[in-house]
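1. would you be able to build a 3D model of this:
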Amino acid sequence: MANPELKSYPSATALAEACAGEFLAFVAVSAGAVSVAVSGGRIAKDFFSAVARQAKANGQSLTEVHFFWADERCVPPDDAESNYRSAAELLFAPLGLSAGNIHRIRGEDEPAAAANAAEAELRSLVAISPSGQPVLDFVLLGMGEDGHVASLFPGEPETVIRSAAVYRPVTASKPPPRRISLGYGAIAAAREVWVLASGAGKELALRESLASDGRNPLARVLREREHTQVFTELVR
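-> Numbering: from 1, shown residues only. Predicted structure coming up:
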């Protein structure tokens, strides 16, 4: 299958509903525990709500799913900017998920310590690749107007981009600036990566990421993987 696999929808709502249904199907056919890293943003919130609604309607349990984060803002978990808070309110609480299934990044802690703790917890629960990266079953990413994914922004030095760190502190080019993100290596090692490319002002970034010579963070992710699914209403 070609990389990437582009899936186009007539609206952001249709995108979120379709992606939620495919995610629940993915969980249903997976054997044993499933490790999932989620992101924040408007379309992720729509996805969380759709997953909760469809799971309830289908009577599907997510008790075998362990939730991690692709990135987190350096704020407390009850802060409006917290990626954890969005998932907790829209997905975990409606489905009554156990705290043992939720492995949040402690955004309120010192960033380097929080990144190290998140890496240690992830390594304790998933398989490790030959290159030393933990292998998540599923990573859900959004995309920003500049093509950033997770909290990996354009303009980082190549030495930083190629860091083997699983999680690392970053300084974002948009508020809030202090964040913690999965690195490129951890994203590349995941079994499945799905990207929700949605929202006004993002079409040019998506087209760049799909170009063979694209230079933004999503383009790099796509080049480093054999297969990635991109869900979008921006291009047909």
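2. need phi/psi at the residue lying closest to Arg236 once chain neighbours are set aside.
-> Spatial nearest neighbour of Arg236, excluding adjacent residues (C-beta to C-beta, 6 or more residues apart in numbering): Ser8 at 5.0 Å. Heads up, the C-betas are built off the backbone N, CA and C, glycines and all. Ser8 adopts backbone torsions of phi -110, psi 140, taken as degrees, to the nearest 10.
3. how close does Ser8 get to Phe47?
-> 17 Å (C-beta to C-beta, to the nearest Å).
4. likewise Ser86?
-> Separation of Ser86 from Phe47 (C-beta to C-beta): 10 Å.
5. got it, and Ala197?
-> For Ala197, the distance to Phe47 - C-beta to C-beta - is 13 Å.
6. before we move on, back to that, and Ser8 and Phe47? which has more neighbours close in?
-> When Ser8 and Phe47 are compared for neighbours, Phe47 comes out ahead with 29 against 13, by other C-beta atoms under 10 Å.
7. distance from the helix or strand hosting the more buried one to the middle of the chain?
-> For Phe47, the element it lies in under DSSP states H and E is helix 42-58. Between the mean C-alpha location of helix 42-58 and the chain-wide mean there is a distance of 15 Å, by C-alpha atoms, centre = their mean, to the nearest Å.
8. which stretches of this protein form strands?
-> For the chain, the strands defined by DSSP state E cover 5-8, 34-38, 65-69, 71-73, 138-142, 167-171, 178-182, 192-197, 229-232.
9. give me the sheet partners of the longest one and which way each runs.
-> Just to be clear, that refers to strand 192-197. As defined by DSSP bridges, the strand partners of strand 192-197 come to strand 138-142 (parallel), strand 229-232 (parallel).
10. nearest to Val126, out of those?
-> strand 138-142 (11.0 Å; C-beta to C-beta).
11. and the closest one, C-alpha only, in PDB?
-> Extracted C-alpha coordinates of strand 138-142, given in PDB (Å, rounded to 0.1, in the frame of the first residue of the first chain):
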ATOM      1  CA  PHE A 138      -1.400   3.300  17.400                       C
ATOM      2  CA  VAL A 139      -0.500   7.000  17.200                       C
ATOM      3  CA  LEU A 140      -3.100   9.600  16.500                       C
ATOM      4  CA  LEU A 141      -1.600  12.900  15.200                       C
ATOM      5  CA  GLY A 142      -3.100  16.300  14.200                       C
END
